[in-house]
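J.: my questions concern the predicted model and sequence given below.
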Amino acid sequence: MAVNRINLEKIKLKCSEKGALLVAVTKFQSIEDMQVLYDLGVRDFGENKVQEIIRKAPLLPQDIRWHMIGHLQSNKVSALLPYVYRIHGIDSISLLKEIEKQAIKQNKRVHALLQFHIADEDTKFGFDPEKALEIYSEIEILSLQNTKIDGVMGMATFTNDKIQIAQEFDVLKATFESYKYQNIDIKELSMGMSGDYELAIESGSTILRVGSLLFE
């Protein structure tokens, strides 16, 4: 495969106009193509497997910010932390506790997003949006020191129904705004992938996770 430079520039321009961050999803991509993305200005890379971040990070420039975008198991947190900048899928309090524990042990500052289940699919993970404030109350009790909750994320249903996707994005945005209304210090609303990034960014997304559109 090769980098689709036209799509990359189009998406970068859209992100620049809206003040959003592009995270290039590079699962299955070669080190050579990832280096091309880097040379074209991409600095944030996302992988959905811990072992892929561990394998690729030493082979690429050290100023890359690595994002763990897949479901993370607690027993892999310790190995991941030396390499990762942001963990996108905090879907349980127990996982958050383990991240904080290992971050303190490794003297590491970790950014994280709370994942909410907004899709009409049981296979996706995440907290119940209706319990968002209750969940954050539990998090506050933890008095996190090394883990910074930056915002929220969610994945829409895999469908061509744009109305349904927009409605699901609205649920996540409402969750984000409910936190802001309570003066909770978060700034990131992460939603949108290759198939729905344009709709997501128009809905207020601040982080896009785009993979297949960047390659041909």
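T.: Sure, I can see it.
J.: which stretches of this protein form strands?
T.: All strands of the chain, identified by DSSP state E, fall at 21-25, 44-47, 65-68, 84-90, 110-115, 147-153, 188-190, 207-210.
J.: report the central residue of this protein.
T.: His88 (3.7 Å; C-alpha atoms, centre = their mean).
J.: how many other residues sit next to Ile6?
T.: Other residues lying near Ile6 total 10 when counted by other C-beta atoms under 10 Å. No exception for glycine: its C-beta is placed from N, CA and C like everyone else's.
J.: how far away is it from Glu216?
T.: 9 Å (C-beta to C-beta, to the nearest Å).
J.: helices or strands next to the longest helix seen in the chain in the packing?
T.: Assignment by DSSP state H gives helix 162-181 as the longest helix of the chain. Here helix 162-181 touches helix 132-142, strand 147-153, strand 188-190, helix 197-202, going by 3 or more C-beta pairs under 8 Å, 6 or more residues apart in numbering; DSSP states H and E.
J.: how about that helix: buried residues?
T.: 165, 168-169, 171-173, 175-176, 179 (16 or more other C-beta atoms under 10 Å).
J.: so what's Asp196 up against?
T.: Contacts here follow C-beta atoms under 8 Å, 6 or more residues apart in numbering; on that basis Asp196 touches 156, 162, 165.
J.: again, but for Met191
T.: 153-156, 169, 172, 200, 203, 205, 207.
J.: Glu188 contacts Leu114, doesn't it?
T.: No: in this structure, Glu188 is not within contact of Leu114 by C-beta atoms under 8 Å, at 10.0 Å.
J.: which one of those two has more residues nearby?
T.: The residue with more neighbours, out of Glu188 and Leu114, is Leu114; 26 against 20, by other C-beta under 10 Å.
J.: one step back: so how far is Ser190 from the residue nearest to the centre of the chain?
T.: Taken as C-beta to C-beta, the span from His88 to Ser190 is 6 Å.
J.: who touches both of these two?
T.: 113, 153, 209.
J.: what's the closest of these to Thr26?
T.: Of all the shared contacts of His88 and Ser190, Thr26 sits closest to Arg209, with 10.6 Å by C-beta to C-beta.
J.: burial count for the closest one?
T.: Count around Arg209 with other C-beta under 10 Å applied: 25.
J.: that one pairs with what?
T.: Arg209 has these beta-bridge partners by DSSP bridges: Val23.
J.: pLDDT at it, what is it?
T.: The per-residue pLDDT reported for Arg209 equals 97.
J.: looks like it contacts Ile69 (just checking).
T.: Yes: at 5.7 Å, Arg209 and Ile69 qualify as touching, with contact defined as C-beta under 8 Å.
J.: what is the neighbour count of the nearest residue to Asp128 once chain neighbours are set aside?
T.: Spatial nearest neighbour of Asp128, excluding adjacent residues (C-beta to C-beta, 6 or more residues apart in numbering): His117 at 6.5 Å. By other C-beta under 10 Å, 19 other residues sit near His117.
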